[in-house]
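[1] What follows is a predicted protein model with its sequence.
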Amino acid sequence: MPVMEYIDAIRLAMKEEMQRDEDVFVLGEDVGRKGGVFTTTKGLMEQFGELRVLDTPLAESAIAGVAIGAAMYGMKPIAEMQYSDFMFPATNQIISEAAKIRYRSNNDWSCPVVIRAPIGGGIFGGLYHSQCTESVFFGTPGLKIVAPYSAYDAKGLLKAAVRDPDPVLFFEHKKCYKLVTGEVPDDDYIVPIGKANVLREGDDITVIGYSLPLHYVMEAAAELEQEEGIFAHVLDLRTLQPLDKDAIREAVKKTGKVLIVHEDNKTGGVGAEVSAIIAEELLYELDAPIMRLCGPDVPAMPINPPSEKFFMLNKEKAKEAMRNLAMY
Amino acid sequence: MSKLTEIVMPQLAESLVSATIDKWLKQPGDEVEVYEPICEILTDKVNAELPSTVAGKLVKILVGNGEKVDVGTPVCIIETAGSDEDVPQIVADTIQQSSSNHASGSPDGDSSADRSMRNRLSPAVQQLAAEHGVDLTQVPGSGLGGRITRKDILAYVESVKKSGVVSVPQSVNMDPKLAVRTSGLHLAETPKIPKIEIEQTIPGRGEYFIDVTPMRNAIARNMRQSVTEIPHAWTTIEVDVTNIVVLRNKLKDEFVKREGVNLTYLAFLMKAVVNAIKDFPMMNSVWAVDKIIVKRDINISLAVGTEDSVLTPVIKNADQKNIAGLAREIDDLARKTREGKLTLNDMQGGTFTVNNTGSFGSILSYPIINYPQAAILTFESIVKRPVVINDMIAVRSMANICLSLDHRILDGVICGRFLQRVKDNLESYNSETTLY
């Protein structure tokens, strides 16, 4: 099985879907001739031509609007937001149009659009290139949101997103692009939207998270097991909307001690909802207060290395939080 | 004071997470200036020289030629003021020590001393204890501050099973000084929608509930709106209808034969009212705050009562109909109302309301105006009474007519004149009056 980087898995998913279905096309800023600022769409224009790989103006609202319109007309667009930070001009299109079309039209119309956006920091990108925007869209019924952790999931979830009949936001972590490599099958597989994934079995603590920080959690979990005999059960949500409540319940029941981890800031994040679900439904399974390890509630990613390091999660922070919970 | 500075692998491009040291340009012991290249590095995107961030002496290379390291990893140590070379060793030792401190903080390290959490029982612990009938005072706590953890219970249950000791199930968990707190709440996924029960008697109570029908609700709303918005005034007048009684008695049998409908007093009244409205158009108007809208068409709303409601179907263009036509229309609307066959069209456009309250024996009423009209008139029971006419007492058929009016539009004088005109019209019917 080929081993590839996270970014290659995303590119492969788009390539395979464009080969499979002529209605699939990509659009975004610099996705064509340049092949994307991260090279995510490199080679697609050469292979599929400029009618299926559109270089757009610097107008995210238009990118989303065109993609939504095309999707309503029966196409399967994959719109790229160069950075998820730039997605905000398109929020009106996404939240008020894409998310609501099926409901508003009494099931007459649908909007099978995929909007890809790189989230997260740790690449010295500062304010405009580091934000996690998932919590902005998280509370909007009508949108599906996925955030892959591995290269395997990145390909499988993107293919599932393209085939989904409703709008899907695909949040890929830009630091994972080159950091994460893994085995990715050549064949046409999908990872179902709405299903979480157990990354690791354990009976001391349960860690629930998504995207990049789970790599730190997995490293910390391996060390804690080796050095201190703490066995962590790690659940990758994979899909943020709709949350896999059964998997969350299952994972919490394993240990009764829950740590929720994400890079997005703590207040109003996905972890708050996961925590509320646990509090509502699993009070009598809890053996410790629900804990969260998240980005700090500060307005922006700092643009100096020590502060960025302070902002970002890492293995040490994960390890300490996991140890504290295990000791409780 | 000497100072040691670590030079770390910088973030050379977005999305890069690691880089390879190609070749060291400086060796330990070399002096370096600020921004002077100290080594060459290779990445997927760029090849670059790594400049020093400080001036000083390179004391130690941490990453050798050809090694790939993550961004942020220290690659060398530079000493910024004169000192000996043992210092990096000290730094390393300190790091070693602090990490071994961490390692010694194992789960059951110092829990024996602190017992402050001993009686703090988590929901999971309480549930498991109840399930397995565990006496919690017997369970050792390995958690923070001596807290009994979920795993402690599971381990205890396991050990009891192995040792073959049959635990005596306790009624409730352990000793009374440990207060057990529960929320007593179970939260379902969505709050329950309150259930409304209708027409259900409550046993042992002297009342029962009737669901408010949409019709009842509409009546209530209209009445409340009329009473709250319109300043009502009320007046009444007495009318001698003897001539009408005589006239009707003369014509009614033939009328039924000919027209198939009853010739009612109401038809005569209606004609008299319509003619009076023609003389006093203000009666046929609507209050519109900054103006008064006077309606040209005279459309009479006729109040028709049923067992459980009252409706006001409309006789359109009533001024263009004769008494026979009105009688037929009244009969038609009353029938439709009773049969529930009124259409929306039958209900719209009324400009003045007439209510035949005499039909249920009333002799005086204070009607509520049919919003947004200007007035409502009732026709009360016809009763025979001794009346003085030309200083002689005669037995006459008398009836009261009552009028409620919107005092924003109408005043006593105009209404008095209007009622007088209705009275004149009614009293001027005689045996010569034609129905057609």
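    Perfect, I can see it now.
[2] how about the strands in the stretch 101-250 of chain A?
    A:114-119, A:144-146, A:168-173, A:181-183, A:197-200, A:205-209, A:232-236, A:239-241 (DSSP state E, counting those that start in this stretch).
[3] In its sheet, which strands sit next to the first one, and in what direction?
    When you say that, I think you mean strand A:114-119. Next to strand A:114-119 in the sheet, as set by DSSP bridges, lie strand A:76-80 (parallel), strand A:168-173 (parallel).
[4] Against A:L212, how distant is A:M14?
    21 Å (Cβ to Cβ, to the nearest Å). Any C-beta I mention is one placed from the backbone N, CA and C, and that applies to glycine too.
[5] B:P281 too?
    81 Å.
[6] The two: which has the busier surroundings?
    A:L212 (28 against 12; other Cβ atoms under 10 Å in any protein chain shown).
[7] Please read off the pLDDT at the closest residue to that one other than its chain neighbours from the model.
    Nearest residue to A:L212, sequence neighbours excluded (Cβ to Cβ, 6 or more residues apart in numbering or on different chains): A:H173, at 4.3 Å. Note for A:H173: predicted pLDDT of 97.
[8] Let me see the contact set for A:H173.
    A:6, A:118-120, A:147, A:211-212, A:263 (Cβ atoms under 8 Å, 6 or more residues apart in numbering or on different chains).
[9] how about JSON lines for those, with pLDDT added?
    Output for these, formatted as JSON lines (pLDDT from 0 to 100):
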{"residue": "A:Y6", "pLDDT": "97"}
{"residue": "A:P118", "pLDDT": "97"}
{"residue": "A:I119", "pLDDT": "96"}
{"residue": "A:G120", "pLDDT": "95"}
{"residue": "A:A147", "pLDDT": "98"}
{"residue": "A:S211", "pLDDT": "97"}
{"residue": "A:L212", "pLDDT": "96"}
{"residue": "A:E263", "pLDDT": "96"}
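[10] So which of those is the closest to chain B?
    Of all the contacts of A:H173, A:P118 has the smallest distance to chain B: 8.5 Å, by Cβ to the nearest Cβ.
[11] ok, so what distance separates the spatially closest residue to the closest one that is not a sequence neighbour from A:T239?
    Distances taken as Cβ to Cβ, 6+ apart put A:K174 closest to A:P118, at 3.9 Å, once the chain neighbours are dropped. From A:K174 across to A:T239, the span is 20 Å (Cβ to Cβ).
[12] What of A:A318?
    Taking Cβ to Cβ, one finds A:A318 at 22 Å from A:T239.
[13] Point out where chain B drops to low pLDDT.
    Low-confidence segments of chain B, defined by pLDDT under 70: B:1, B:14-15, B:44-46, B:82-113, B:164-205.
[14] top strand in it by residue count?
    Ranked by number of residues, the top strand in chain B under DSSP state E is strand B:392-406.
[15] buried sites along stretch B:48-63?
    Applying a neighbour-count criterion of 16 or more other Cβ atoms under 10 Å in any protein chain shown, one finds B:48, B:50, B:52, B:54, B:56-63 buried in stretch B:48-63.
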